[in-house]
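fold the following and give me the result.
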Amino acid sequence: RLYQIPFEMPDCEGESETRTLHLVGDFSAPAEFFVTLGVFSFLYAMAALVLYLRFHSLYGENKKLPIADFCITVCFAFFWLVAAAAWGKGLTDVKAATRPASLIAAMAVCQGQEVVCNAGATPAMGLANISVVR
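Next up is the predicted model:
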C-alpha cells in the first residue's frame, strides 16, 4: 500500500515550506496471497506430520487417504508457483514505483531548468529479491 507512504519535498515558493507527496500504487494483494499460502502450507504440513506419525496405521490401511494427500500437495505446489509469480510481479512493480528516478521526475521542484536533483543512494532490494527466490 504505497499510497499510504508520505514523503516531504521542499517547496520553491518558501524556503522553510515543504509539500507532502505520496507514493503511487497498491501492491499488497500479491504479498498477502504469498504469505497466506505460506501459512496454510505450514499448517497443512503440521497436520500431515501428525497424521503420518500418530495415525500411521490409519494412513496405511485407508487407500483414499494417500490419494487425497497427494492431490492436496499437488494443489499447494501449483498455488505456491502462482503465488511466487504474483509476488515476483508485485515486487517488480514496487521497485518501479519507488525507483529514485521516478520519484525525482514526480517532484515539481526538480523540474526547473537550473535545478539539479539526484537520488543519492540506491535502495537495497536484496532481501526482497531473496523472498521471491525462496
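
now name the helix or strand holding residue 34.
Taking DSSP states H and E as the criterion, residue 34 maps to helix 28-54.

what helices or strands is that helix leaning on?
Using 3 or more CB pairs under 8 Å, 6 or more residues apart in numbering; DSSP states H and E as the contact criterion, the secondary-structure elements in contact with helix 28-54 are helix 56-61, helix 64-97. Where you see a C-beta, it was placed from the backbone N, CA and C, and this is true even at glycine.

so what pLDDT did the one residue sitting closest to the centre of the chain get?
When the chain is reduced to its mean C-alpha position, the nearest residue by CA atoms, centre = their mean turns out to be residue 31, at 3.7 Å. Per-residue confidence at residue 31 stands at 84 (pLDDT).

then residue 70?
Residue 70 is assigned 92 on the pLDDT scale.

from residue 84, how far off is it?
Distance, residue 70 to residue 84, by CB to CB, to the nearest Å: 21 Å.

for stretch 74-83, output the C-alpha coordinates as PDB.
As requested, C-alpha coordinates have been extracted for stretch 74-83 and formatted as PDB (Å, rounded to 0.1, in the frame of the first residue of the first chain):
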ATOM      1  CA  VAL A  74      -0.200 -31.000  -5.800                       C
ATOM      2  CA  CYS A  75      -2.700 -28.200  -5.300                       C
ATOM      3  CA  PHE A  76      -0.400 -26.500  -2.800                       C
ATOM      4  CA  ALA A  77       2.500 -26.800  -5.200                       C
ATOM      5  CA  PHE A  78       0.600 -25.200  -8.000                       C
ATOM      6  CA  PHE A  79      -0.700 -22.400  -5.800                       C
ATOM      7  CA  TRP A  80       2.800 -21.900  -4.500                       C
ATOM      8  CA  LEU A  81       4.100 -21.400  -8.000                       C
ATOM      9  CA  VAL A  82       1.300 -19.000  -8.800                       C
ATOM     10  CA  ALA A  83       1.900 -17.100  -5.500                       C
END
